[in-house]
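>>> Fold the following and give me the result.
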Amino acid sequence: MKQTNAHMERQIMNKRKRVFSVQEKKNPKAVFAKRYVSHLVPALKKINMNKPSSQINSKSFEQTVKHEVDMALALSAQEFAWSRFLQHKLLSSPHEDPSYSSKILETSSCKQDGKEGAEIKKKLKELQKLVPGGEEMNMEEILSEVGSYIVCLELQMIVLKSLVQDNIS
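Okay, here's the model as predicted:
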């Protein structure tokens, strides 16, 4: 088992060497991906070492993995408000009521009339549900955060696909 883990770790390290540029400070996507892997891989290893074999397909195992994937995302992009909100949410009690009062429509400086304004408000309301902490943000905040959130989700998918492909091969 230890040899298998060591082999997997070497594969991941080799993959990292292929994926990340030498000048990672100049490439924010590479910096994020490196941070993400550095948070995710140890968490997944810990889960793997602590799980009973009967738990592999259980709902709690899936929830634990999802929690660690989300936490790695939050820890890797702490410079964004959505990331800090996601981290707080993950660290909070699971019994906490996730309903939040919406501030986006009340604090919006965009004064729209008629159907167009109502449609924009409806779309912003939908958007704020998708971004962690979005329901706590005003229109300007949500619009500035959504781009970084989408980029980080895309990078998360690339890293996760890479990890899965490394495990398969």
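>>> helices and strands around the helix ranked longest in the chain, which ones?
Of all segments of type helix in the chain, defined using DSSP state H, the longest is helix 139-168. Helices and strands touching helix 139-168, by 3 or more C-beta pairs under 8 Å, 6 or more residues apart in numbering; DSSP states H and E, are helix 2-19, helix 28-50, helix 59-76, helix 81-91, helix 114-130. (Each C-beta comes from the backbone N, C-alpha and C, glycine too.)
>>> For it, what does the pLDDT average out to?
The average pLDDT within helix 139-168 is 90.
>>> now do stretch 117-134
Mean predicted lDDT for stretch 117-134 stands at 89.
>>> Same list, the helices and strands packed on helix 139-168, but as TSV with distance to Gln165 and mean neighbour count please.
Converted to TSV, those look like this (distance: least, C-beta to C-beta, whole Å; neighbours: other C-beta atoms under 10 Å):
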stretch	distance to Gln165	mean neighbour count
helix 2-19	8	12
helix 28-50	14	16
helix 59-76	16	16
helix 81-91	26	18
helix 114-130	28	13
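>>> export these to a markdown table and tack on distance to Leu155?
Output for the helices and strands packed on helix 139-168, formatted as a markdown table (distance: least, C-beta to C-beta, whole Å):
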| stretch | distance to Leu155 |
| --- | --- |
| helix 2-19 | 11 |
| helix 28-50 | 5 |
| helix 59-76 | 9 |
| helix 81-91 | 13 |
| helix 114-130 | 17 |
